[in-house]
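*Asks:* Can you look at this prediction? I've put the sequence above it.
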There are 4 protein chains.
Amino acid sequence: MKQPIGVGMVGYAFMGRVHSQAWRSVGAFFDLPLTPSMAVLSGRSAGRTAEAAESLGWSAIETDWKELVKRDDVQLVDICTPGDSHAEIAIAALQAGKHVICEKPLANTVEEAEAMAAAARAAAAQGVRSMVAFNYRRVPAVALARQLVAEGRLGQIRHVRAQYLQDWIIDPEFPLVWRLQKDKAGSGALGDIGAHIVDTAQFILGDLLTGVSAITETFIKERPLADDSAGLSAAGSGVATGLVTVDDAALFIGRFAGGALASFEATRFATGRKNALRIEINGSLGSVAFDFEEMNELWFHDHTLVPEEGGFRRILVTEGGHPYAGAYWPPGHGLGYENTFTNEIKDFLEAIAGGYDPSPSFEDGLQVQRVLAAVERSAGDESRWTAI
Amino acid sequence: MKQPIGVGMVGYAFMGRVHSQAWRSVGAFFDLPLTPSMAVLSGRSAGRTAEAAESLGWSAIETDWKELVKRDDVQLVDICTPGDSHAEIAIAALQAGKHVICEKPLANTVEEAEAMAAAARAAAAQGVRSMVAFNYRRVPAVALARQLVAEGRLGQIRHVRAQYLQDWIIDPEFPLVWRLQKDKAGSGALGDIGAHIVDTAQFILGDLLTGVSAITETFIKERPLADDSAGLSAAGSGVATGLVTVDDAALFIGRFAGGALASFEATRFATGRKNALRIEINGSLGSVAFDFEEMNELWFHDHTLVPEEGGFRRILVTEGGHPYAGAYWPPGHGLGYENTFTNEIKDFLEAIAGGYDPSPSFEDGLQVQRVLAAVERSAGDESRWTAI
Amino acid sequence: MKQPIGVGMVGYAFMGRVHSQAWRSVGAFFDLPLTPSMAVLSGRSAGRTAEAAESLGWSAIETDWKELVKRDDVQLVDICTPGDSHAEIAIAALQAGKHVICEKPLANTVEEAEAMAAAARAAAAQGVRSMVAFNYRRVPAVALARQLVAEGRLGQIRHVRAQYLQDWIIDPEFPLVWRLQKDKAGSGALGDIGAHIVDTAQFILGDLLTGVSAITETFIKERPLADDSAGLSAAGSGVATGLVTVDDAALFIGRFAGGALASFEATRFATGRKNALRIEINGSLGSVAFDFEEMNELWFHDHTLVPEEGGFRRILVTEGGHPYAGAYWPPGHGLGYENTFTNEIKDFLEAIAGGYDPSPSFEDGLQVQRVLAAVERSAGDESRWTAI
Amino acid sequence: MKQPIGVGMVGYAFMGRVHSQAWRSVGAFFDLPLTPSMAVLSGRSAGRTAEAAESLGWSAIETDWKELVKRDDVQLVDICTPGDSHAEIAIAALQAGKHVICEKPLANTVEEAEAMAAAARAAAAQGVRSMVAFNYRRVPAVALARQLVAEGRLGQIRHVRAQYLQDWIIDPEFPLVWRLQKDKAGSGALGDIGAHIVDTAQFILGDLLTGVSAITETFIKERPLADDSAGLSAAGSGVATGLVTVDDAALFIGRFAGGALASFEATRFATGRKNALRIEINGSLGSVAFDFEEMNELWFHDHTLVPEEGGFRRILVTEGGHPYAGAYWPPGHGLGYENTFTNEIKDFLEAIAGGYDPSPSFEDGLQVQRVLAAVERSAGDESRWTAI
């Protein structure tokens, strides 16, 4: 009989929904060392939280996350709130001895992230684990890319080009949801989706950015106030407007410690691109390319073949021997967005049971935060090169 | 408070696993008129059935499906067994007043399918519903293709080219699993995957095949006996061999009632193709193309545009207004194989609650069976044209 | 100093234009054993032939091909007329001791093709060479596919799926050009483009079709008479109409001598497909796929790799070591349609100078003609299997 | 009878070969106002120049370009030499009253380019025309992209992402050809291919870059000396080595006057990418995307459609109504690299005959040179923002 572990989740919007699906499903796909129970959901409105708990499958609710953190039936806290509350909740939970998985970006500032990383270190000394939810690491194709790089199949890495392209706010009438407010979200495209490509690139390379030069822009500077700031979409009130206080797009170029040159672009104004997290990496022996819009595919060019047989091959990352894929369906029966969270939670539970620190750690999240901060500093200082 | 409905599932191999995931998840995505409870799982081996029930989330087990069918806590029977048992189980369940969803192909022979369709008609008169699980109809991109055709956007349909390409048995050492045995599976690639493209094509066109001319082939005529006939994969015993009694590939050309010409190919020997259910349809006003290996995309060519702006466009079928897609994630966050079953079950539950016959019905399944039988007859008679 | 060879071309419409470009360019790309001079162009109208000769670069004109064939400054005759005149011109030229390259399909009937093949055999005994212009064999990617198959890289061939998809006559108002008239063109999509995929498939496999089962259709049975029957396009007169006497589409399935199953589709009603000559071949060790709409690419799946690294790779067939490609530009600087003819003429000149029979020979053209005839017979006889 | 115009070409390596093919072919495709005659080729070695003239079809040779410029049978000078000689030759030719088409980048320094632009202005006042050979503007798909932007179909432009990716020097043993020497080539990837994407982006947008922030890198700092510095490839001597004095890669971000953000990357180390000139442009109403490796395709997303029907469509830019395409073959019969030069020369001849300044002018070439210089300055100054 597997040991149970009670989970308490804070927040039930977009991230809360997909985390719930992962908690619900993880045990059916993986042979887990711990059996998660969906114990408690917390949200500010009792009515709406209860409704969410019923549809998402949580056994109890709290209207104050501080109560959730204290509960005996909660051994693991899953933080799905906007970035402005991450530090407070995570630190409280860790100090209460609860394992913590926290949505990205880790925090809204480097200072918060430092405090969180310090709390994580202290907790780890007590066997309490923490993880930042960069779910795209758990796309099988991304994990395969990491594997190829780690095995040296790409040789010395020369180039990284990473983009995260969306278009959900190109309409100037799209309202001022929380993701467009600096006090809630910390930054705009940069922290929301730029954080993902920074983490994904650093993960695949197993290397860190050492400096950046950046520009950012807010194309639409004022928007209708939102009636409801719950997530990616919301109806505008049509009357009052407010200032957009975050970036719509961030572009930066940088260098990795190992010598690779990199370009990054995070934007919510790439018309026609819906969730195109793209990364291409070129090394002396080969290359990989990935686009989340076709998430089951990794393109791999093996430059050690004769030139006449070279070319980017489309690996359908659904084979039993591929990362995570063996837990699901036969080859060619693709996974979806939700499965990346299932994989992530499985890895977290294994780390908890195994007594080791999972990856990406809060330390990793802090390092990404430093990159984001350097991007903002450079963009505010004539794009000057800014060390990380 | 939604009315509960108890589900009993027969079989827990590949299909049983993915149906379980759908039953587990459907309520979190859709606002259902009925709340399914995963009541009973049946399988022949008590030990293995209990194990499966635990990991897949079923509350109780039976080792005889006849007991499952009788149980008061079961109002709906989900048949996930090989084709040789479909007729007996489905007819018994319907006669017991249970709603039935049955995996495809509906049966192993036209005669069995006719008996099942008759039972379904009789049951429907009592408000008992039945459905055959052609899940690919519930791929959002396929449903969108149907919608475009139904709205007349493709004009008069001229051409259908449909393929279902896999390669999982190209190794002659792959063992003689049940899917390669005529008494269990009815036919080979033809019934297993050919049935899907026949149904998908007829569904999208809203039209029926009237005749076919066919060839079939068994490339590897003898294979090692399998230790375990549980599903798509199995370890060969390495000593004894047995005859492959089904087709490895089936190719046929045909005509639809409305005048379209069609070609179909179902094969397990398309090296490098894993689960490529492909269909392209050309009409006087436009075309659509689909490949399940990129299941979140539908390619649409609108021929009413000026030629200089024409071209197949890649619609990412993840918008809120797309079939099924609104229940899941924001645009660009793709679905996976499992979600097609979730969509299917949602439609079935709505039909049960709404008091109407769901689609595809057993009658639809019977019609597909007739196509399969015509293919086999033509292939056995010098490819002569065979009416359906 | 290279020996010159005088060329006389019959016809100056679409094929004549592209052949002219090849004759004009071949010497700049390839180090030829013979230096072609564009000596004479023949056409029925003196004025229009003279105009064409000037723009296309021919030194002299004739208004009767019989005169062209007799001229001393012509040692090679290039036949670019509709199929109904191929046999007469080719046989006369061969008997006059001129080398002949003839557009495809070789003839309008098997009988004509047989007479041509007999004349070619007789001429070859005198060192006079002949070739049928299946130019798609000279696409570098197609030649590379042949090379991979010949080297055994695909193992035993199991499947061929070939399509040639166009859409230029889907408008019912498109006029009755010569390609839609049986007496001129022999057949419709079948002979015009179906011939190409039959030849391409047989060429890549190095194997012959042994039988087929077919359906054909004429979707639009009556069309406006054309003012001008010069080629692929023409303005309709808008008043009188005439019967379309050829097929709009032909679908057939067949078997190769070596055991491969094949499907073929040639149609001018594939809305949105412009010149999609597509072929995919699956063997026990690998697969290739090609689409002329992306003519510089060959997709190759090497099944001998571990499954985790398998996948169709996009070989950009522009490397120096690729067939023909080294004569042109650096890697990645693609070729166009016209270059396939340049390559073809280079091969023909080398065969003439080298004293061997080029490929595809008239014998090869005759064999394709037999396949086309079998398709028509099967289509007219309830799709019955028809041996070739 | 068209007026003839005598052409003199300087240089016969890669660019000389492809220009020759264009001069040879242009009259067969386009109805030109002037009939070019391939009069004189100049090169330093008499023997090799004579050989090139014969194979490429030039009537006479000179071993000193100064003689070529003086000749009466030369009215137009085509400069295909490395960048270090562009200014001297172009200015001399213009002063001699000869029309000039000059390969890109226009010059090796801004100063040279300024002198050339001044000479071009002076010459234009006398009816003497000049053009810089940014051939990629003449890819039909690129010209179509320009057309869509000019018509407002993309709305306000927000983003440009442009890359020119090659991999021909990733082998450290590849020798030190002239393109890797600053005194000959001016710069490396930046001037050779970066110049193309700067020009292409500015052309499609009809807008200019106002500033950039950049990094550049030379990955391999020392290479074997080349025996032969003729072009893209050369055999290394294997003994002595020399310093690489140009960049291997250049990355920069910038802003357009109209407000668009842009990223550019030019590299010869993008393993597996052969000639991937890529550009994607996002505007408030739509987007376009292009990759030269599939040069006959433009991807267009029309955001004014309902979201459910949106998506990037693959326009095969081979319709009669597409830029340049009507001069060639029927739809779907693609063009190759060489045809872009044919189109360019046609435009130049029309401008000469029409008495207007062609585009891109030397002024345009100078502006690109200023961008390249700003990139180098920024890269040498901590990536600081550098106005153009």
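*Replies:* Nice, I can see it. Because the structure is a prediction, the values reported are computed rather than measured.

*Asks:* how close does residue A:44 sit to chain C?
*Replies:* Counting by C-beta to the nearest C-beta, to the nearest Å, the separation of residue A:44 from chain C is 46 Å. All C-beta spots, glycine's among them, are computed from the backbone N, C-alpha and C.

*Asks:* Shouldn't that residue be within a strand?
*Replies:* No. According to DSSP: H, G, I helix; E, B strand; the rest coil, residue A:44 belongs to no strand; its state is coil.

*Asks:* and it, what is it in contact with?
*Replies:* Taking C-beta atoms under 8 Å, 6 or more residues apart in numbering or on different chains, we find residue A:44 in contact with residue A:63.

*Asks:* before we move on, what about residue A:95?
*Replies:* Here residue A:95 is in contact with A:119, A:123 (C-beta under 8 Å, 6+ apart).

*Asks:* For residue A:351, see how far away it is.
*Replies:* Going from residue A:95 to residue A:351 by C-beta to C-beta, to the nearest Å gives 20 Å.

*Asks:* what does residue A:289 give?
*Replies:* Distance of residue A:289 to residue A:351, computed by C-beta to C-beta: 30 Å.

*Asks:* Okay, domains of chain A per the record?
*Replies:* Here the domain assignment for chain A is A:3-135, A:139-358+A:367-379, based on automatic domain parsing.

*Asks:* Looking at these, spot the one closest to residue D:224.
*Replies:* domain A:139-358+A:367-379 (17.2 Å; C-beta to C-beta).

*Asks:* what about that closest one, near chain B?
*Replies:* Yes. Under the criterion of C-beta under 8 Å from any C-beta of the partner chain, chain B is reached by domain A:139-358+A:367-379 at A:166, A:168, A:232-233, A:273-276, A:292-297, A:316, A:318, A:328-339.

*Asks:* Turn the buried ones among those into a named ChimeraX selection, would you?
*Replies:* Buried residues within the residues of domain A:139-358+A:367-379 next to chain B, by 16 or more other C-beta atoms under 10 Å in any protein chain shown, are selected in ChimeraX with:
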select /A:166,168,232,233,273,274,275,276,292,293,294,295,296,297,316,318,328,329,330,331,332,333,334,335,336,337,338,339
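
*Asks:* Near chain D, list only the ones from the residues of domain A:139-358+A:367-379 next to chain B.
*Replies:* Answer for the residues of domain A:139-358+A:367-379 next to chain B near chain D (C-beta under 8 Å from any C-beta): residue A:273.

*Asks:* mind giving me a markdown table with the domains of chain A and columns for mean pLDDT?
*Replies:* Converted to a markdown table, the domains of chain A look like this (pLDDT from 0 to 100):
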| stretch | mean pLDDT |
| --- | --- |
| domain A:3-135 | 97 |
| domain A:139-358+A:367-379 | 95 |
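
*Asks:* Can you name the residues of the stretch 101-250 of chain A that neighbour chain C?
*Replies:* Counting by C-beta under 8 Å from any C-beta, the stretch 101-250 of chain A sits next to chain C at residue A:144.

*Asks:* Next to chain D, which bits of the stretch 101-250 of chain A? Give me the list.
*Replies:* Residues of the stretch 101-250 of chain A lying near chain D (C-beta under 8 Å from any C-beta): A:154, A:158-159, A:161, A:163, A:167, A:170, A:213-215, A:217, A:219, A:249.

*Asks:* Mark which of those residues are part of strands, please.
*Replies:* Using DSSP state E, the subset of those located in strands is A:158-159, A:161, A:163, A:213-215, A:217, A:249.

*Asks:* In those, find the pair that's most separated.
*Replies:* A:158 and A:217 (28.5 Å).

*Asks:* Who has more neighbours out of these two?
*Replies:* More neighbours surround residue A:158 than the other of residue A:158 and residue A:217, with 27 against 20 (other C-beta atoms under 10 Å in any protein chain shown).

*Asks:* Tell me the spacing between the residue nearest the centre of chain A and residue A:361.
*Replies:* Per C-alpha atoms, centre = their mean, the C-alpha nearest to the average position across chain A is that of residue A:134, at 2.9 Å. Distance from residue A:134 to residue A:361, counting by C-beta to C-beta: 11 Å.

*Asks:* Quick check: closest non-adjacent residue to residue A:81.
*Replies:* Among residues not flanking residue A:81 along the chain, residue A:11 sits closest, at 4.2 Å (C-beta to C-beta, 6 or more residues apart in numbering or on different chains).

*Asks:* related to what we said a few turns ago, which among the ones in strands among the residues of the stretch 101-250 of chain A next to chain D end up buried?
*Replies:* By 16+ other C-beta under 10 Å, those give A:158-159, A:161, A:163, A:213-215, A:217, A:249 as buried.

*Asks:* wait, which of these is closest to chain C?
*Replies:* Among those, residue A:159 lies closest to chain C (C-beta to the nearest C-beta), at 16.6 Å.

*Asks:* tally of neighbours for the closest residue to residue A:292 other than its chain neighbours?
*Replies:* Nearest residue to residue A:292, sequence neighbours excluded (C-beta to C-beta, 6+ apart): residue A:277, at 4.0 Å. For residue A:277, the neighbour count with other C-beta under 10 Å is 24.

*Asks:* List the beta-bridge partners for residue A:277.
*Replies:* According to DSSP bridges, the partner residues bridging residue A:277 are residue A:164.

*Asks:* so it touches residue A:200, yeah?
*Replies:* Yes. Residue A:277 is within contact range of residue A:200, at 7.0 Å (criterion: C-beta atoms under 8 Å).

*Asks:* list residues touching both of these two?
*Replies:* residue A:136.

*Asks:* excluding its backbone neighbours, what's nearest residue A:352?
*Replies:* Residue A:352's closest residue in space is residue A:129 (C-beta to C-beta, 6+ apart), at 5.0 Å.

*Asks:* My read is that the one you found contacts residue A:99, right?
*Replies:* Yes. With contact defined as C-beta under 8 Å, residue A:129 reaches residue A:99; the gap is 4.7 Å.

*Asks:* Give the residues shared as contacts by those two.
*Replies:* If you check residue A:129 and residue A:99 against C-beta under 8 Å, 6+ apart, the residues they both contact are A:348, A:352.

*Asks:* Show me which residues of the stretch 251-388 of chain A sit near chain C.
*Replies:* A:300-302, A:306-316, A:319-322, A:331.

*Asks:* Could you give me the PyMOL syntax to select whichever of those are buried?
*Replies:* Filtering those down to the buried ones (16+ other C-beta under 10 Å) takes a single PyMOL command:
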select buried, chain A and resi 300+301+302+307+308+309+310+311+312+313+314+315+316+319+322+331
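
*Asks:* I'd like the list of the residues of the stretch 251-388 of chain A next to chain C that fall within strands, please.
*Replies:* Counting by DSSP E, these contribute A:300-302, A:312-316 to strands.

*Asks:* So which of these is the closest to chain D?
*Replies:* Closest to chain D, out of all of these and judged by C-beta to the nearest C-beta, is residue A:301, at 3.3 Å.

*Asks:* surely the closest one meets residue A:310?
*Replies:* Yes. Contact criterion C-beta under 8 Å: residue A:301 and residue A:310 qualify, at 6.4 Å.

*Asks:* Need the residues touching each of those two.
*Replies:* Common neighbours of residue A:301 and residue A:310 (C-beta under 8 Å, 6+ apart) are C:313, D:272.

*Asks:* Skip the chain neighbours and tell me the closest residue to the most far-flung residue of chain A relative to its centre.
*Replies:* Distance from the C-alpha centroid of chain A peaks at residue A:308, with 39.1 Å (C-alpha atoms, centre = their mean). Closest residue in space to residue A:308, ignoring its immediate chain neighbours: residue C:321 at 4.5 Å, by C-beta to C-beta, 6+ apart.
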